[in-house]
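S.K.: 3D model of this:
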Amino acid sequence: MPSGAGSIGAAHLALTVKDIHVAIARVEAAGWKAKGNPLPIPGGPRKGTLVAYVSGPDHITIELMQPTAR
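M.R.: Residues are numbered from 1 along each chain as shown. Reported below is the predicted structural model:
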């Protein structure tokens, strides 16, 4: 199984959240781990969207996305 969500052959689910920091705190309280801090997408149609990956005890990766306010 590939180790990173962006690796060839990797698959992950992406969820839109209202507050990425609250979402990370909730999944960490459930035993998941954040893979770094939320970072903004630098360009393209989702520019400014905050993105973070979290990984569960079973090594499933989920991407959390907080869109910019419009």
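S.K.: if I look at the residue nearest to Gly31 when sequence neighbours are not counted, how far off is His21?
M.R.: Distance criterion C-beta to C-beta, 6 or more residues apart in numbering; nearest residue to Gly31, sequence neighbours excluded, is Pro57 at 5.5 Å. C-betas here are computed from N, CA, C, even on glycine. As judged by C-beta to C-beta, to the nearest Å, Pro57 and His21 stand 22 Å apart.
S.K.: this protein: strands as residue ranges?
M.R.: 13-16, 33-34, 39-40, 50-55, 61-66 (DSSP state E).
S.K.: show me the shaky parts of this protein.
M.R.: Within the chain, the stretches with pLDDT under 70 are 1-10, 70.
S.K.: try 90 this time
M.R.: Within the chain, the ranges that satisfy pLDDT under 90 run 1-13, 57-61, 69-70.
S.K.: could I get the strands of the chain as a markdown table with mean neighbour count and distance to Val27?
M.R.: Formatted as a markdown table, these follow (neighbours: other C-beta atoms under 10 Å; distance: least, C-beta to C-beta, whole Å):
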| stretch | mean neighbour count | distance to Val27 |
| --- | --- | --- |
| strand 13-16 | 11 | 10 |
| strand 33-34 | 15 | 8 |
| strand 39-40 | 12 | 17 |
| strand 50-55 | 19 | 5 |
| strand 61-66 | 19 | 8 |
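S.K.: turn those strands into a markdown table, including distance to Ala25.
M.R.: Formatted as a markdown table, those follow (distance: least, C-beta to C-beta, whole Å):
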| stretch | distance to Ala25 |
| --- | --- |
| strand 13-16 | 15 |
| strand 33-34 | 9 |
| strand 39-40 | 17 |
| strand 50-55 | 11 |
| strand 61-66 | 11 |
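S.K.: contact partners for Trp32?
M.R.: Shown in contact with Trp32 (C-beta atoms under 8 Å, 6 or more residues apart in numbering): 54-57.
S.K.: farthest pair within those residues?
M.R.: Val54 and Pro57 (11.2 Å; C-beta to C-beta).
S.K.: quick one: the residue nearest to Gly31 from Val27, how far?
M.R.: Distance, Pro57 to Val27, using C-beta to C-beta: 11 Å.
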